[in-house]
Structures are given as C-alpha cells and as structure tokens.
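Student: sequence first, then the predicted structure, then my questions.
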2 protein chains.
Amino acid sequence: MKNLVGAMMFAQSGGPTSVINASAAGVFLEALNQENITAVYGAAHGIKGILDEQFYDIGKEDKAELELLKYTPSSALGSVRYKLKDYKVDPTDYNRILEVFKKYNVRYFFYNGGNDSMDTCNKISKFMAESGWDCNVIGVPKTIDNDLMGTDHCPGFASAAKYIATTAMEVALDARVYDTGLVCVMEVMGRNAGWLTAASTLANLSGQGVDLIYLPETPFDMEKFVADVQRVCASNENKCLVAVSEGIKFADGTYVGEFKASKTDLFGHAQLGGVCSILANVIKERLGVKTRAIELNLMQRCAAHLASKVDVEEAFEAGRHAVLAAVSGQTDYMVAYERKPGDKYEVEYKLVPLTICANTEKKVPQEWIINDGTAVSDEFVKYALPLIQGEWETPKENGLPRFARLKKVLVK
Amino acid sequence: MKNLVGAMMFAQSGGPTSVINASAAGVFLEALNQENITAVYGAAHGIKGILDEQFYDIGKEDKAELELLKYTPSSALGSVRYKLKDYKVDPTDYNRILEVFKKYNVRYFFYNGGNDSMDTCNKISKFMAESGWDCNVIGVPKTIDNDLMGTDHCPGFASAAKYIATTAMEVALDARVYDTGLVCVMEVMGRNAGWLTAASTLANLSGQGVDLIYLPETPFDMEKFVADVQRVCASNENKCLVAVSEGIKFADGTYVGEFKASKTDLFGHAQLGGVCSILANVIKERLGVKTRAIELNLMQRCAAHLASKVDVEEAFEAGRHAVLAAVSGQTDYMVAYERKPGDKYEVEYKLVPLTICANTEKKVPQEWIINDGTAVSDEFVKYALPLIQGEWETPKENGLPRFARLKKVLVK
C-alpha cells in the first residue's frame, strides 16, 4: 500500500453504455480534488491513447461540462477494442506504457471496461509492480451485459435494462393494436449472458409485455421455438412478443444467427438482419402469420434519456471510489457493488481482486430460468427491479438532451 | 348546423402513435361532460368495431384511467386497416353503420386517423346526410408521417420527431466511439413524405448528429449516395451517420427497399432487413468500410416515454375541440392546427373540410430540401423545433411507465 504523488491516467474501453461517462465524471471530479494527484489525464481511445501518447488534460475542462458527463452516453474519450498480449509473450506494449507513465509521472491508472479490460488492467498492474514503477491500478467496471464476476451487478446494465423493459411495454401495446395476428421478435444484446433479454420480462409487471424469452444460457431448439410461438398464438389471437439474445446457440454450439432456414431462395442464404430476422422468417414460413423483427441495436446501450437514476448514481460513485481506493494506496483491484441484505435496496462499494473478474463471465443462474427456458422467475425480478428505479433528469436544450461538450485539450 | 341529443361513437384507425390516446382522452373526457351526449362509446378496432357491433362503454371507465390515456402509446381501443368502398359502388358497410347508429342512437361520430381515415370519415358523413340520419361527424387528425393537408402539423409527428432526433444524437455519439470507421444507416418511417427523416437533423443543433439524409421527396441515386458517403468519410475518419426514409425511390419510381445490390451471392437476393440493410451492404461492398443498419422500427411511433409535451397537449385539445365542434352543430370537418404568426409558438384549433385532407399528402417543400438532397434548411428547423418542446412526465410504477388500464366493458 503506497501513497503516491503524481499524475493519473483514466481510459475507457470496449462497448459504451448510457452511464459509462458517469463513471468518468466520478473519477475526474474526485481526482481533481485530490492533493496527491498532480495532473488528471484522459486517454483517447483507451489503451491506444496511452501507446500513441494521445491524451487529454482534464484539468482544462469546465467543471460544469464534467458534471454533464453524468448524463452523456457513449465513451466521451473514445473507446477501443485492443487486447494486450501477455507481457511474458510480448512486452512491447507494456514497455511503451511504462515509458509513457514515466515520462508523465503517471502514478495512478484507472481502466473502465468489462472482462477484457479488467484482464488488461490486471496485466498492467502486475507489469508495473514487476518493473518497480510504483503505480496504483484500479479497474472501474462497465458493461451492459452484466457479466462481470465479483460484483452484484455492473454499471450500465440497469439503464439498458430500463430501456429494454420500457421498450418492451411500448412495443407490446403497439404490436397488439390490430385485429390481425402479429409475431414480433425483439433482438437484445448479449453474446453469452442473457441478463438483458431477461430484463424484458420486467415489462410484464405492467400486465402486458413479452410472451417468450430465449437466453444464451439455454440451448436453442428451433422446433421447440416454433411450437412455443404456436402455443402462445393459439391462446392469444395470433399475437406474440418474443425477446431473444443475439447470442442464442443451438445445442451443438453454433449461433442461431448463422442459421440458414430452409431451401427456398428467400431463406436459403445467410441472413443479414441478425437473429431476429431469422426467427421472424422461420415463424412466417412455418406458421403463416405476419411477423416483425425488431433489433434494439445501439439504442439499448446509448439511450441516456432513459437512464436509471440508480445506475447513474452508482456508476458515478464507482468512479469516485476507484480514485479514493488508489490514493489510499490500493492497487490491482476492481471496484464492485455489494448489495446490503434487507428489503430496502442499498449497495456498498468494495474492492475485489482484478483476477476474479478478468476473463470470466457471470451468467443468469440456471435456477432462475423457468418455463422450459422461456421465462425467468421472480428471483430475477427481485434482483433487477431495484436497479432500474428513478429517472435521471437530463438537462435539456432545444427540447433535446444537453450532453457534455469537452474541449479535449491534448497533452503536449 | 344541428344540435343533436344522443350517443357518440369514437374510433381509432391506421398506425398508432405515441399520443393517439391523448386525443382519445380529450374526446372522452369532453364528451362525458356534455349534456347532449347521452352515452360515450369507443369502437373496438376502428370502423370494424362498428360493423361488428363491438364497442366499449366509456362511461364505465375510471376517470383517472382515462387521464392516463394521455401518456399511453398505441391505440387503446385497437386499430384497423380497412378502407370503405365508395357507397355508390357498394353501400353494404354504410347501411350496416347506419343500422348500428340508429340502434344505439349515435348522433355524433369521431374518427381518429390519417388520410384514409379522413376519407372514410367524409364518406360516412355524406352517407348519413343523404340517408337523413342526423349525425355530426368530425375527424381527429393523427399520423406520425405529418402528411395531412389543411393543418400546420399532425398530432403524433412531434413525439416521433423528438424520439428520432434524440436517438440520432445518442447514436451519433455511440457510433463514433471507436478509432475505426463506421457508417451507420438509420431507417426512419415515411413512405411518401420525409418529415420524420428530416427531423433527425434536429440532432445537429447539438453539434453532432446526422451527416446525410435522404427523403422520398427527392429521387434516390445509388451512385450519388455512395459518393456522398465517401465524401463524408474522407473528411471524418470514415465515420458517417445517414438517415433515410423507408420510402425512398429511384428516379423510375421503384422503391430502394426492393433493390438487389449486386451479383454476389450474399447481396444478389431481395434483402429482408429493409432499406437500411440494403444501403449498409452497398456501402460495405463499395467502400469497404464497416457498416451498421439501424431500423427505428415500431419504437419511433410508440416511445411514449419520450413524447413531446407540446404534442400531448395539442393531441388532447384536438380531441376536445372535435367534441366541442360536433355538439355546437358542426359536421364533415377535421380539427386542424393553425400556427399563430409571431416568434412565440402558439396554435389555434380550427375546422377544415374533410375533403381537403381525404386522400391527399403534404410533403416536405422542395425549397426546404438543400445540399443536393442530403439536408434540410433552417426553415425546417424553425418549423419543427417548437413542436418537440417539453417532456411529458409519464406517471411511473416500478420504475416503468404507468400506462392506462381500461376495463373495456362491451356494450351489450
């Protein structure tokens, strides 16, 4: 545990979320308050900004704009998908990072991302320690997928969940408006974990929502799917709303998104519209009912106008706690949420070793997946509902959200 | 002009909007106040509910739930796509409507919809007059497409516009997050009029929004499109956000949505994902840049959580004014908005003959379409911006919108 004096570097990685910048705001505003932190830097495009020596002097930003980061979706500094090799295999990047850290006296490093980023964070932390360069390294979690181990949930998940549940409610009303049948297949993000697709079922609390859900945790069977939809249609005037994870797989492990539906010309080729189009086409072909494929696309991870207040506040605090931990001498940890026991929802911020979260995935528990893989139990609702509470009152300009406008002054 | 005493019938038609039920709330709450209206009925699934004698007794609903209709998307009574024939060709349906109106002493009829519905409304009005059955008929406008003649704008347009502009802002941030290029093609509703696609440019007031737009008002040229995108990419790190109307057409009148892009297996077949997928594939093939197709789908017309307050209030008032007009003896009119001159945005409610709006389409004026068909002028901004102002504070339950729950008691 070392109390260091020097600059700090913050970087954002992986796919953005509605609240990723709330964590940035927490990191920056807390860091600017800390006497031991002599300069506050934000790397352009994650780790790449460090390698390329492209980073912004956050001290030159207006505080009011940094506050607005709380409400601003996407990665304000730019993101990257770049996986560092093991430094025992190839230390080039690590040596370069060390060189940059030394040049700018970077004594604090914060990396904001998911599993891969926590792995990167862990490797950098270890390399700095082995190189004898004192630098406290703390990971700040971020992923709409909610699949990081060691934390009750992940910043970003709740806002995506709130968007998905709200949209499922609205679409459920719209899709049932005619006197004719319609099967809607709504595609939700999540390659390996079905948390977001499960969140669509929160819509059902209102009385009308999704009829069937399919998660990557359960092997997908096309015949069973057709039969499930047919059953719902039979009892519901041929109306059915389905939510599916983009990452659903057949029992043999192949993605449903790569399925070639039939021999007909129209369906015999790889579809481009994603798994929702494929499933909608199969239903149309097999059941002869009208279908509609709806991909929630980027909106589910960037609809900051519908961010959960709980999520924004927690993401901000996660950033703040990362700084507080680092200046108090901690290193090689990720900030995590621990849910306090009891009926009232509350979290505590704790530190978990980066190795716990690096390259692991937390999935929806099998015992929460019910109805032959087409629904989730009340346990999920109990888990997820407190997270989507509260609306963040995004400041407005021209009737539209007023997002942060950073100056992004590059450090020379 | 006849002051009638009797029951009233209200019906919803065509595609729903975020605020269609706000007009229903205006109609119902005003009608329940009127002494001359002896019963308030809402037809299930538009005109079909009248033909099938399926309608709800609105008097049996809780007032609080009727108030909640203001915030509830989609057609609460159910909608229909059913076009009445000319009664001179086939009077069957008209005779049936007359029969039902006589049976229930329906003296007021209100139809809520777009061009086709105003046509239906007009025919029913004329038929009732010719049949000697006193019945005041008033149309209530509704369409996100904003293409009705005789009114400054249409209820429903502003909320869809606000959703599209907000989403364009959010997607613009998300789609530019990586250090690699990405061309996003966002598909917006509108078969013949480009009002909604034009609304995406309101995002640009924030500094980042759409780079190119393509409206059905301008013939689409694929080579020019590729060149346009290439030009934006060249000056913008291969990043480009495009908004296109679903209804864009080539100069020969064929829909771009039916385009078969090239001879390759992957692209040689009719695409299923809509015009955004087709254009994204063409760009990928021709420019070799990463692309993403985003269809705003049903969300743009049902995202009541993002409704414009101006739109909700005006839609409600449009409903109220329809009732006030009918009970004061008017018939064969549609309620319309007239924008008052001056800098401060204000509307007056007026009546226009149904024949003006029946089966006509108001398009984006050619002089507002600039930059060789890829942008709209400040005139459009001046027109549209006042309409998207204000957020409606949807009541919440469980952190999700609390939509109206009607009892829907069928009239025996």
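Tutor: Noted; the coordinates are in hand.
Student: what packs against the strand or helix carrying residue A:167?
Tutor: Here residue A:167, judged by DSSP states H and E, is contained in helix A:157-175. Counting contacts by 3 or more Cβ pairs under 8 Å, 6 or more residues apart in numbering or on different chains; DSSP states H and E, helix A:157-175 packs against strand A:182-188, helix A:195-199, strand A:239-245, helix A:299-302, helix A:309-327, helix B:299-302, strand B:400-401. Using the backbone N, CA and C atoms, a C-beta is placed for each residue, glycine as well.
Student: got any ranges where the stretch 251-400 of chain A has weak pLDDT?
Tutor: The model of the stretch 251-400 of chain A has pLDDT under 70 over residues A:260-273.
Student: still on that earlier bit, restricting to C-alpha, output the helix holding residue A:167 in PDB.
Tutor: The C-alpha coordinates for helix A:157-175 follow below in PDB (Å, rounded to 0.1, in the frame of the first residue of the first chain):
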ATOM      1  CA  PHE A 157     -26.700  -2.900 -17.100                       C
ATOM      2  CA  ALA A 158     -29.600  -1.100 -15.200                       C
ATOM      3  CA  SER A 159     -30.000   1.600 -17.800                       C
ATOM      4  CA  ALA A 160     -30.000  -0.800 -20.700                       C
ATOM      5  CA  ALA A 161     -32.500  -3.000 -18.700                       C
ATOM      6  CA  LYS A 162     -34.700   0.000 -18.100                       C
ATOM      7  CA  TYR A 163     -34.600   0.900 -21.800                       C
ATOM      8  CA  ILE A 164     -35.400  -2.700 -22.800                       C
ATOM      9  CA  ALA A 165     -38.300  -3.100 -20.300                       C
ATOM     10  CA  THR A 166     -39.800   0.200 -21.200                       C
ATOM     11  CA  THR A 167     -39.500  -0.500 -24.900                       C
ATOM     12  CA  ALA A 168     -41.000  -4.000 -24.500                       C
ATOM     13  CA  MET A 169     -44.000  -2.400 -22.800                       C
ATOM     14  CA  GLU A 170     -44.400   0.200 -25.600                       C
ATOM     15  CA  VAL A 171     -43.900  -2.400 -28.300                       C
ATOM     16  CA  ALA A 172     -46.300  -4.800 -26.700                       C
ATOM     17  CA  LEU A 173     -49.000  -2.300 -26.900                       C
ATOM     18  CA  ASP A 174     -48.200  -1.300 -30.400                       C
ATOM     19  CA  ALA A 175     -47.800  -4.800 -31.800                       C
END
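Student: before we move on, back to that, mind checking which of the helices and strands packed on helix A:157-175 is nearest residue B:277?
Tutor: Nearest to residue B:277 among these is strand A:182-188; the distance by Cβ to Cβ comes to 13.5 Å.
Student: off-centre distance for that closest one?
Tutor: What separates the centre of strand A:182-188 from the centre of its chain is 22 Å, taken as Cα atoms, centre = their mean, to the nearest Å.
Student: spell out which parts of the stretch 151-300 of chain A neighbour chain B.
Tutor: Proximity of the stretch 151-300 of chain A to chain B (Cβ under 8 Å from any Cβ of the partner chain) is limited to residues A:162, A:165-167, A:169-171, A:173-179, A:184, A:202-203, A:205-207, A:265-266, A:269-274, A:277, A:281, A:292-295, A:297-299.
Student: just the buried members of the residues you listed?
Tutor: Buried residues within these, counting neighbours by 16 or more other Cβ atoms under 10 Å in any protein chain shown: A:162, A:165-167, A:169-171, A:173-179, A:184, A:202-203, A:205-206, A:271-274, A:277, A:281, A:292-295, A:297-299.
Student: still on that earlier bit, okay, the helices and strands packed on helix A:157-175, which one's buried deepest?
Tutor: helix A:195-199 (a mean of 30; mean count of other Cβ atoms under 10 Å in any protein chain shown).
Student: just checking, what packs against that one?
Tutor: So helix A:195-199, by 3+ Cβ pairs under 8 Å, 6+ apart, packs with helix A:157-175, strand A:182-188, strand A:212-214, strand A:239-245, helix A:378-384.
Student: what does residue A:376 show for phi and psi?
Tutor: phi -120, psi 150 (degrees, to the nearest 10).
Student: contact partners for it?
Tutor: A:198, A:201, A:213, A:364, A:368, A:369, A:370 (Cβ atoms under 8 Å, 6 or more residues apart in numbering or on different chains).
Student: any idea what the closest residue in space to the first one that isn't next to it in sequence is bridged to?
Tutor: Nearest non-adjacent residue to residue A:198, counting by Cβ to Cβ, 6 or more residues apart in numbering or on different chains: residue A:376, 4.6 Å away. Beta-bridge pairing of residue A:376 under DSSP bridges involves residue A:369.
Student: ok, now how distant is residue A:376 from chain B?
Tutor: With distances taken as Cβ to the nearest Cβ, to the nearest Å, residue A:376 is found 16 Å from chain B.
Student: what does residue A:252 give?
Tutor: 24 Å.
Student: mind telling me what element that residue is part of?
Tutor: Using DSSP H and E, residue A:252 falls outside every helix and strand.
Student: kindly report the same for residue A:348.
Tutor: strand A:347-353.
Student: alpha carbons of that strand, as CSV, please.
Tutor: Only the C-alpha atoms of strand A:347-353 are listed here, as CSV (Å, rounded to 0.1, in the frame of the first residue of the first chain):
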residue,chain,number,x,y,z
VAL,A,347,-25.2,-1.0,-2.2
GLU,A,348,-21.8,-0.8,-0.6
TYR,A,349,-18.7,-0.2,-2.7
LYS,A,350,-16.0,-2.7,-2.2
LEU,A,351,-12.8,-3.8,-3.9
VAL,A,352,-12.3,-7.2,-5.5
PRO,A,353,-9.0,-8.6,-6.9
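Student: name the residues of that strand that are buried.
Tutor: For strand A:347-353, by 16+ other Cβ under 10 Å, it's A:347, A:349, A:350, A:351, A:352.
Student: make JSON lines from the residues you listed and add distance to chain B to it.
Tutor: Shown next, in JSON lines, are the buried residues of strand A:347-353 (distance: Cβ to the nearest Cβ, whole Å):
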{"residue": "A:347", "distance to chain B": "16"}
{"residue": "A:349", "distance to chain B": "22"}
{"residue": "A:350", "distance to chain B": "25"}
{"residue": "A:351", "distance to chain B": "28"}
{"residue": "A:352", "distance to chain B": "27"}
